[in-house]
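Undergrad: Return a 3D structure for these sequence lines:
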Amino acid sequence: MNFNRDYLTYSEEVLQAMSEQAPVVALETTIVTHGMPYPQNVQTALSVEHIIRNHGAVPATICIRNHKIQIGMTEKEIEQLAQTTDVIKASRRDIPIALVSGKTASTTVAATMLAARMANISVFVTGGIGGVHRGAEQTMDISADLQELSKTNVIVVSAGAKAILDIELTLEVLETLGVPVLGYGTERFPAFYIRDSGFDAAFRVDTPEEVARIADTKWSLGLDGGILVANPIPEHASLQPEDIQQSIDAAIAQSKVHGITGKNVTPYLLAAVERLTEGKSLQANIALIEHNANVGAQIAKVYQQYRQG
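TA: Predicted coordinates:
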């Protein structure tokens with residue numbers, strides 16, 4: 001991958017980690033600007049960073065501002081981002097526009113993967129990836145996250161795909177694109193709020209070492225593209241499939257009535273599901289991303305050992 005590193009800027013904490021060859025974990029910022037209400041968004045972002053540090057890795061929360069891709073943010077900067085209005089939700093296509101305009105942008109899964117690769121960070125923790133939206137055979141609404149997973153060398157730790165999606169078609173596309181889907185401690189593919197989507201993961205892994213070995217082998221062979229580690233939400237935090245499905249169906253119906261399309265669909269549906277579940281989905285969202293941070297930090301530590309030979 002050829003790129004101009006002049007567009008990157010780093011926090012002091014991340015710079016020090018890189019100089020010491022310490023493990024670093026990338027984190028997105030759409031969870032701060034579009035994924036959760038205030039103040040839970042800031043509290044969750046800081047909690048995830050804290051968990052990663054406790055495991056001996058360094059968090060690199062990523063955003064775009066002041067004509068730069070910022071790798072690592074301070075607590076004050078995360079708070080400022082949460083309070084900023086008119087933040088662009090930036091995927092791959094939006095990065096150059098945000099850089100040229102100087103507007104502040106939060107990074108989606110796709111954009112965070114790309115920025116992490118530019119910064120030579122190999123592990124990225126998120127809540128759930130985007131995918132094929134329900135009704136995509138008419139709308140063609142398919143997340144850029146899937147394309148990014150097909151070509152960008154980053155280990156992505158998530159609670160599977162967001163439950164609002166067509167999980168079966170999402171898995172079919174991932175298979176077509178050659179993306180390894182690893183169920184972490186499970187043969188089943190999780191779906192964000194629930195541990196079992198009803199579909200199998202491609203492979204099961206049980207340790208950070210297995211994930212690191214697969215990544216090292218894949219990329220050593222010149223097989224470019226990401227690896228999806230599907231880490232189920234903790235059992236105590238999982239929602240009942242029937243209840244969450246009813247809420248999702250109702251949220252999708254509301255989105256059609258209001259004509260919600262494009263990049264506005266996911267944040268609209270997440271907010272609608274939160275209302276319909278009386279906040280239970282938000283608590284599940286927080287629990288799953290914190291759990292992903294635990295797993296992601298462990299993988300980052302082991303993979304860093306592989307990188308150092």
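
Undergrad: State the three-state secondary structure for residue 229.
TA: strand (DSSP: H, G, I helix; E, B strand; the rest coil).

Undergrad: which residues does the closest residue to it other than its chain neighbours bridge with?
TA: Nearest residue to residue 229, sequence neighbours excluded (Cβ to Cβ, 6 or more residues apart in numbering): residue 157, at 4.6 Å. Yep, even glycine has a C-beta here, placed from its N, CA and C like the rest. Beta-bridge pairing for residue 157 (DSSP bridges): residue 125, residue 229.

Undergrad: Tally up the residues packed near residue 157, please.
TA: 29 (other Cβ atoms under 10 Å).

Undergrad: ok, it - contacts?
TA: Residue 157 sits next to 123, 124, 125, 126, 184, 229, 231, 292, 295, 296, 299 when contact means Cβ atoms under 8 Å, 6 or more residues apart in numbering.

Undergrad: ok, the second one touching residue 155?
TA: Yes. Counting by Cβ atoms under 8 Å, a contact exists between residue 124 and residue 155, whose distance comes to 6.9 Å.

Undergrad: Now the common contact residues for these two.
TA: Common neighbours of residue 124 and residue 155 (Cβ under 8 Å, 6+ apart) are residue 296.

Undergrad: Now do the buried residues in the helix or strand of the chain with the lowest mean pLDDT.
TA: The helix or strand of the chain with the poorest confidence is helix 136-139; it has a mean of 75 (mean pLDDT, DSSP states H and E). For helix 136-139, burial by neighbour count (16 or more other Cβ atoms under 10 Å) applies to residue 136.

Undergrad: hmm, who's touching that helix?
TA: 133, 142, 166, 169, 261.

Undergrad: let's see 10 Å
TA: 133, 142, 143, 165, 166, 169, 170, 173, 261, 262, 265 (Cβ atoms under 10 Å, 6 or more residues apart in numbering).

Undergrad: how near is the last one to residue 133?
TA: Residue 265 sits 6 Å away from residue 133 when distances are taken as Cβ to Cβ, to the nearest Å.
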